[in-house]
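In: Just to be clear, the model below is a prediction. Sequence and coordinates:
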Amino acid sequence: MRKKTVVITGGAGFIGSHLCDRLLLEGFKVICLDNFITGALSNIKHLLGNKNFRLIERDVAKYIDIKEKVDFVLHFASLASPEDYLKYPIHTLKSGSLGTHNALGLAKQKKAKFMLASTSEVYGDPLIHPQPETYWGNVNSIGVRGCYDESKRFAEALTMAYYRVHKIDIKIARIFNTYGPRMRVRDGRVVPNFIYQALHDKPMTIYGEGMQTRSFCYIDDLVEGIFRLMHCRVNEPINLGNPNEFTILELSKFIIELTGIKSRIIYKLLPKDDPRQRQPNIAKAKRLLKWEPKVELGEGLYKTIEWFLGL
Ligand code: UDP
């Protein structure tokens, strides 16, 4: 039987590379597209000799030409750390808009299924808590995070248009804060920042008073959710995240405890438009995918710290 082929844009990134691993294990052929702006060869180096894996170095904002049959397009290419998208707002807008257009075009041409990696950022600084998929969000389109939030909102609108007009079988994963091995040490997001700072005897940088909240999902749980979403019949956005919510101050204390290192905390200015709270309502994923996260924050952080220690 012919193996199914999946194209993963951003396949050398943090989430993308874990998806490459999982889908190869599940018997897919994987074509990984990445321009390495934030992805890393080290994330997929172990796959380069695998005959079912192919790497194409390419910017998804440019036309994608693939000769063979494709069954699934997973569009995961994007800058995802606020530090990165503040530095590269135009790249961010392009991969969310032009990149999504190209990835959808490929899915249409190949009569393939399509998945968009969307984000909890479509809810902006949410006025409804926890956030269900029915919430339309509270986003500052012209603010510093607008390049990410609005490009993902545009990407969702485009994906729904391709579903309605071209009848493409689409999936939209609204991914909440995810962490784990292969996050870049200097990624800028809070989990790698705190772990790096603790392990290098640097003070932990808490932005604002640390009372803002996030809900952290371990990468293996997320990948399981994405895998189930690929195979379900739903053509609407679904939240994927861990509903256990923590303040950033609590997170810092957790990491201090787990590393056993007595880091100092310093307080820095809260970045502009930083959402005050975030927690997914995952009732829909539970009902339709029979999915919920299993890895507790302590266990996931422990594994992540171990991985950072091995670098
Ligand atoms: N944050 C922090 N210190 C850091 C990095 C981030 O206090 O060194 C805070 C940030 O202000 C935000 C939360 O941690 O409130 C999560 O930030 P992250 O960049 O991980 O992702 P976001 O959820 O904001 O996209």
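Out: Great, that's in hand.
In: Spit out the contact partners of residue 5.
Out: Residue 5 is in contact with 28-31, 68-72, counting by C-beta atoms under 8 Å, 6 or more residues apart in numbering. Quick note: C-beta positions are derived from backbone N, CA and C, even for glycine.
In: Model confidence score at it, please.
Out: Residue 5 is assigned a predicted lDDT (pLDDT) of 98.
In: Spatially, and excluding backbone neighbours, which residue is closest to it.
Out: In this structure, residue 5 finds its nearest non-sequential neighbour in residue 29, 4.4 Å apart by C-beta to C-beta, 6 or more residues apart in numbering.
In: what ranges do the strands span in the stretch 201-311 of the chain?
Out: Listed in chain order, the strands of the stretch 201-311 of the chain (DSSP state E, counting those that start in this stretch) span 204-207, 213-215, 217-218, 237-240, 245-247, 265-268.
In: mean confidence score for the shortest one?
Out: Strand 217-218 shows a mean pLDDT of 98.
In: Adjacent strands (with direction) for that strand?
Out: When pairing is defined by DSSP bridges, strand 217-218 lines up against strand 178-179 (parallel).
In: burial of the residue nearest to residue 5, as a residue count?
Out: By other C-beta atoms under 10 Å, the residues close to residue 29 number 21.
In: who touches it in this structure?
Out: Each residue near residue 29 by C-beta under 8 Å, 6+ apart is listed here: 3-6, 52-54.
In: any idea how far the ligand is from it?
Out: 33 Å (C-beta to the nearest ligand atom, to the nearest Å).
In: what does the longest helix seen in the chain contact?
Out: Longest helix in the chain, counting residues (DSSP state H): helix 146-166. By C-beta under 8 Å, 6+ apart, the surrounding residues in contact with helix 146-166 are 75, 78-80, 82, 85, 89-90, 92-97, 100-101, 104, 107-108, 114, 116, 118-119, 121-122, 124, 137, 139-141, 168-170, 172, 235, 237.
In: from those residues, which are also near the ligand?
Out: Applying C-beta under 6 Å from any ligand atom, the subset of the contacts of helix 146-166 adjacent to the ligand comprises residue 82.
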